[in-house]
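Participant: kindly generate the corresponding structure for this input.
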Amino acid sequence: MSVAPEHAAFDSIPAPVTVVHGDEIVYANRAAVELTGIQNLVGTSVRAHIQRSLSPDESTWAEQLHAARLDGRDPTDRYWLRFSRVDGTEVTVHVQSAPGPRAGEHTHLYLAGPPEQVAVRALTDALLAASWNLVHLREEGAVLAAAADALSRLGFRVVILRFENDRFFHAMLRHDAAALEEIGRLTGAPMSNLPLPREQATEFAQSLEERRAIFIQDTHLLVDRFRSPEVAKAIKATMPRRSAVAPIFSEGQGWGVLTAQKDDLTPGEVGALALFAHRIGGALENVAHHRRALRRLDELNALQNKLVLQERLAALGEAAAVLAHEVRNPVGAILNAVALLNRRAGAEQPEVLHIIEEESLRLDRLVRDLLHLARPLQPKRVELDLRTVAERAIATVQGRHQGAVPQELVAAGPVRVLGDGFLLELAIENLLMNALRASPSRGKVQVTLFEEPGRACIAVDDMGPGISPEIAPRLFQPFFTTHATGTGLGLAVVRKVVEAHGGEVRVAASALGGARFEIELRGP
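Facilitator: Residues are numbered from 1 along each chain as shown. Below is the predicted model:
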């Protein structure tokens, strides 16, 4: 095949040059033949040359680039190729492409040589310096933000994606703000809400599976595959063509990938980005270790508080035994005397007798609560209906405080549990008494029962002032009370009864505006 006059000038250039027209290589100078080791390069199909000389990873990308050029699209004009020569050796070259004098013709100039060592070293040093700051951060979001900021300062566009449930989610973005706003307008959602399925994001999945960084020559081709044409156009308007994808591993598991994009990114710089991704993974491991340490510390504090409480209850038990002996009998005698005087007084009961009776009953309840709190509880478990227990507790409280506060029981039907009816009724009574004290005059107290697989719950809601976060941890401590007439033992008794049943008691804000105390028990 004769050489066209306009191509003859390339014969004297020491760098490899080829000219492609459509799918055919129509010219190759001597340096190009020596580079590839292929003597009959001219006349070869570009697709055949790609499949013969490039690695599988690069051949896929190169075929996409060639197809885009054949379709008249505007592909990248600078890229890197790793050739497998005829003798089996490999060489990496920087290719610069330009349109030829004829339609459908392109000239390719191959620049072989060592990687840009100065630029690579500068990037490596900058990223290593930035990575030292990551290990001191204690929140995952702070680590990702610091990593993205470090790359952004070096001129990169950054996307960090987390891999969960076979999808890649955008965990951190550093891109053009106007482009992100336009994408949100087109999709109706921010980028963080637009995950990429694993089967679609094959390059990201490959980076994780093979635990290696990948150099992507034309990121725009990926975007065309990921997004609709309208959205892809908005993304590509400000997105650099070249990018690196580096895997992020934390505690031995594939956490996600770091993608860094820059128009002048080189293959040599990918190693520095892979090292930085490794340091990000190490920082995320530190965050996970820190969280576990805090959790263990909380567990230790809870155990210590439990031991302190047990010591208090042991001392309280000794005091309660003495108190029961010294106080209960005299209180009983006072109540008997008041009953006798009431019968004699008839309808004209003096106010003083009413006061004596009320205060004596309060002392009797105090002694009873002390004994319940101090004695070891051994529930006699039988299958029972928690609704029936709640109804008895409500009737008891209403009998003591007739008309004080309206009460409502909400239950879809029987709620079956294994428990001690007497003790559970006592716990519900104490929750109702607590709600009565907290609620305003004629305020509503609501008792709700509900059942789920394996558990039964009862909740008591009031319309009082609620529970502040400062006092919530102390609510179930003996003798702690926020009520002027309270003893501070009722809620402590509730917790002891519930824990004896292997259940849990919680406090939260109520939909009625006050506090909500909820008991959870195991079902039958």
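
Participant: quick one, phi psi at Gly413?
Facilitator: phi 180, psi -170 (degrees, to the nearest 10).

Participant: so what's Asn335 up against?
Facilitator: Rather than Asn, residue 335 is Leu. Glu357, Ser360, Leu361, Asp364 (CB atoms under 8 Å, 6 or more residues apart in numbering). C-beta here means a position set from N, CA and C on the backbone, and glycine is covered the same way.

Participant: for Ala314, see how far away the residue nearest to Ser45 when sequence neighbours are not counted is.
Facilitator: Leaving aside its chain neighbours, Ser45 sits nearest to Asp23 (5.5 Å; criterion: CB to CB, 6 or more residues apart in numbering). Separation of Asp23 from Ala314 (CB to CB, to the nearest Å) stands at 90 Å.

Participant: between the two, which one's more packed in?
Facilitator: Asp23 (16 against 10; other CB atoms under 10 Å).

Participant: wait, doesn't that one sit right on Ala67?
Facilitator: No - with contact defined as CB atoms under 8 Å, Asp23 does not count as touching Ala67 (9.8 Å).

Participant: just confirm Ala274 is within a helix.
Facilitator: Yes - if the criterion is DSSP: H, G, I helix; E, B strand; the rest coil, then Ala274 is within a helix.

Participant: burial of it, as a residue count?
Facilitator: 19.

Participant: for the nearest residue in space to it that is not next to it in sequence, give me its contacts.
Facilitator: Spatial nearest neighbour of Ala274, chain neighbours left out: Ala213 (3.7 Å); criterion: CB to CB, 6+ apart. Contacts for Ala213 (CB under 8 Å, 6+ apart) come out as Ser207, Ala244, Val245, Ala246, Pro247, Val270, Gly271, Leu273, Ala274, Ala277.

Participant: can you pull the contacts of the first one?
Facilitator: So that's Ser207. Ala213, Ile214, Val245, Ala246, Pro247, Val257.

Participant: now tabulate those residues in CSV and tack on secondary structure.
Facilitator: Shown next, in CSV, are those (three-state DSSP):
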residue, secondary structure
Ala213, coil
Ile214, strand
Val245, strand
Ala246, strand
Pro247, strand
Val257, strand
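
Participant: got a pLDDT number for the residue nearest to Ala274?
Facilitator: In this model, Ala213 is scored at 92, pLDDT.

Participant: circling back: take the contacts of Ala213 and write them to a markdown table, including distance to Glu452 and pLDDT.
Facilitator: Shown next, in a markdown table, are the contacts of Ala213 (distance: CB to CB, whole Å; pLDDT from 0 to 100):
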| residue | distance to Glu452 | pLDDT |
| --- | --- | --- |
| Ser207 | 43 | 93 |
| Ala244 | 49 | 94 |
| Val245 | 45 | 95 |
| Ala246 | 45 | 95 |
| Pro247 | 41 | 95 |
| Val270 | 52 | 88 |
| Gly271 | 54 | 86 |
| Leu273 | 49 | 91 |
| Ala274 | 48 | 90 |
| Ala277 | 44 | 92 |
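
Participant: looking at the residues you listed, spot the one nearest Arg381.
Facilitator: Pro247 (53.8 Å; CB to CB).

Participant: hey, what's that closest one bridged with?
Facilitator: Listed beta-bridge partners, Pro247: Val257 (assigned using DSSP bridges).

Participant: that one is in contact with Gln253, isn't it?
Facilitator: No - between Pro247 and Gln253 there is no contact under CB under 8 Å: 10.9 Å.

Participant: these two: who's more crowded?
Facilitator: Comparing Pro247 with Gln253 by other CB under 10 Å, the one with more neighbours is Pro247, at 24 against 9.

Participant: list the contacts for that one?
Facilitator: Ser207, Leu208, Arg211, Arg212, Ala213, Gly254, Val257, Leu258, Ala274, Ala277.

Participant: can you give me the end-to-end span of stretch 451-466?
Facilitator: The first and final residues of stretch 451-466 sit 25 Å from each other (CA to CA, to the nearest Å).

Participant: tell me how far the residue nearest to the spatial centre of the chain lies from Val287.
Facilitator: Centroid-nearest residue in the chain, with CA atoms, centre = their mean: Glu140, separated by 9.4 Å. According to CB to CB, Glu140 and Val287 sit 5 Å apart.

Participant: ok, and the closest non-adjacent residue to Asn434?
Facilitator: Counting by CB to CB, 6+ apart, Asn434 lies nearest to Gly490, which is 5.6 Å off, once chain neighbours are set aside.

Participant: the one you found and Leu436 touch, don't they?
Facilitator: No - at 10.7 Å, Gly490 and Leu436 do not qualify as touching, with contact defined as CB under 8 Å.

Participant: pick out whichever of those two has more residues nearby.
Facilitator: Remark: of Gly490 and Leu436, Gly490 carries more neighbours, 24 against 20, as counted by other CB under 10 Å.

Participant: and that one, what pLDDT?
Facilitator: For Gly490, the pLDDT comes out at 79.

Participant: OK, contacts around it?
Facilitator: Asp369, Asn430, Leu431, Met433, Asn434.

Participant: work out for me the element the third one sits within.
Facilitator: Counting by DSSP states H and E, the element that carries Leu431 is helix 421-438.

Participant: wasn't Asp264 part of a strand?
Facilitator: No - Asp264: not assigned to a strand; according to three-state DSSP it is coil.

Participant: number of nearby residues for it?
Facilitator: 12.

Participant: now it, nearest residue through space, not along the chain?
Facilitator: Nearest one to Asp264, counting by CB to CB, 6+ apart, is Arg242 at 7.5 Å.

Participant: ramachandran coordinates for the one you found?
Facilitator: Torsion angles at Arg242 (phi, psi; degrees, to the nearest 10) stand at phi -90, psi 140.

Participant: could we number from 38 for the rest of this?
Facilitator: Yes, from this point I'll number from 38; that puts the last item at Arg279.

Participant: and Glu44, what does it touch?
Facilitator: No, residue 44 isn't Glu; it's His. Counted by CB under 8 Å, 6+ apart, His44 has contacts Val56, Val63, Tyr64.
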